[in-house]
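> how does the following fold in three dimensions:
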Amino acid sequence: MPTRTPPPILLAGLAIALLPAWLRGRRSFSGEARELMAYRSTLGSRTARVDTVLDELGELVDALRRRAVDVDEAVDRLTAGEDELDATAEEIREMAAPEDLHSLHLEYEANLERALRGIVTAERGCGLTRQRHRPPDDDEPISYWKRGYANIVHARLRMEEIVEVMLAWEPGRPAVANVSARVRREG
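Purely as a prediction, here's the structure:
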């Protein structure tokens, strides 16, 4: 007895009926992947800008410590950098991080705040130099610049480490940016 093949119209109808269910299953996976890629892209561009600004401001504060830059010029650059970083910090706070990256995202934000406090500390040192009764070779502003520089540099280094982990993170793997994880990656 010959086998009977279903009519082409029936096959087409069955394919059309099953297609939405198949696509829904695929969309959920590609949707998550798309969200992760969008997060990485946005995070990468914003953190790269933050890193560049912090690098410039760190060098500027270091130059203040060595008295190699004019204080008035430094104040203008520090204020502009602080404003830019404040705006970027707000954008980063508004980002929706994948659930597994929430703690690292929050730690990044905290270190960005630390860097901003370092900038404000350096600005306070500049403010001290503008006081009329201060001698030009007073060392008190230098202590503010040292603390500001240390906060900027240390926060920036930790932020680089956190961003490296967040950008390389894959779903299902732990998102850890501590010393033991760094040693395992480097070893």
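> where along this protein do the helices fall?
Counting by DSSP state H, the chain has helices at residues 8-65, 71-94, 102-129, 140-168, 179-186.
> reformat those helices as CSV; add mean pLDDT and mean neighbour count.
C-beta coordinates here come from the backbone N, C-alpha and C atoms, glycine included. Listed next are the helices of the chain as CSV, based on pLDDT from 0 to 100; neighbours: other Cβ atoms under 10 Å:
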stretch, mean pLDDT, mean neighbour count
helix 8-65, 78, 14
helix 71-94, 95, 14
helix 102-129, 95, 19
helix 140-168, 95, 19
helix 179-186, 62, 10
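> my guess is residue 126 meets residue 141, correct?
Yes - counting by Cβ atoms under 8 Å, residue 126 touches residue 141, with 7.0 Å between them.
> shared neighbours, the two?
Residues within reach of residue 126 and of residue 141 at once, by Cβ atoms under 8 Å, 6 or more residues apart in numbering, are residue 64.
> at the geometric centre of this structure, which residue sits there?
Nearest residue to the geometric centre of the chain (Cα atoms, centre = their mean): residue 47, 3.7 Å.
> for the closest residue to it other than its chain neighbours, give me its contacts.
Of all residues not flanking residue 47 in the chain, residue 163 sits nearest, at 4.7 Å (Cβ to Cβ, 6 or more residues apart in numbering). By Cβ under 8 Å, 6+ apart, residue 163 lies in contact with 43-44, 47, 51, 108.
> now do residue 173
Applying Cβ under 8 Å, 6+ apart to residue 173 gives no contacts.
> model confidence score at it, please.
On pLDDT, residue 173 comes in at 84.
> distance of it from residue 100?
8 Å (Cβ to Cβ, to the nearest Å).
> for residue 54, same thing?
26 Å.
> using CSV, list the CA coordinates for stretch 156-176.
Included here for stretch 156-176 are C-alpha records, laid out as CSV according to Å, rounded to 0.1, in the frame of the first residue of the first chain:
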residue,chain,number,x,y,z
ARG,A,156,40.4,54.3,39.0
LEU,A,157,42.5,51.1,39.4
ARG,A,158,39.6,49.3,41.2
MET,A,159,37.2,50.5,38.6
GLU,A,160,39.3,49.1,35.8
GLU,A,161,39.4,45.7,37.5
ILE,A,162,35.6,45.7,38.0
VAL,A,163,34.9,46.7,34.4
GLU,A,164,37.2,44.0,33.1
VAL,A,165,35.1,41.4,35.0
MET,A,166,31.8,42.9,34.0
LEU,A,167,32.6,43.1,30.3
ALA,A,168,34.0,39.5,30.2
TRP,A,169,31.2,38.0,32.3
GLU,A,170,29.1,35.2,30.8
PRO,A,171,25.7,34.1,32.1
GLY,A,172,25.9,31.1,34.4
ARG,A,173,29.4,32.0,35.6
PRO,A,174,30.3,33.8,38.8
ALA,A,175,30.9,37.5,38.7
VAL,A,176,33.7,38.0,41.1
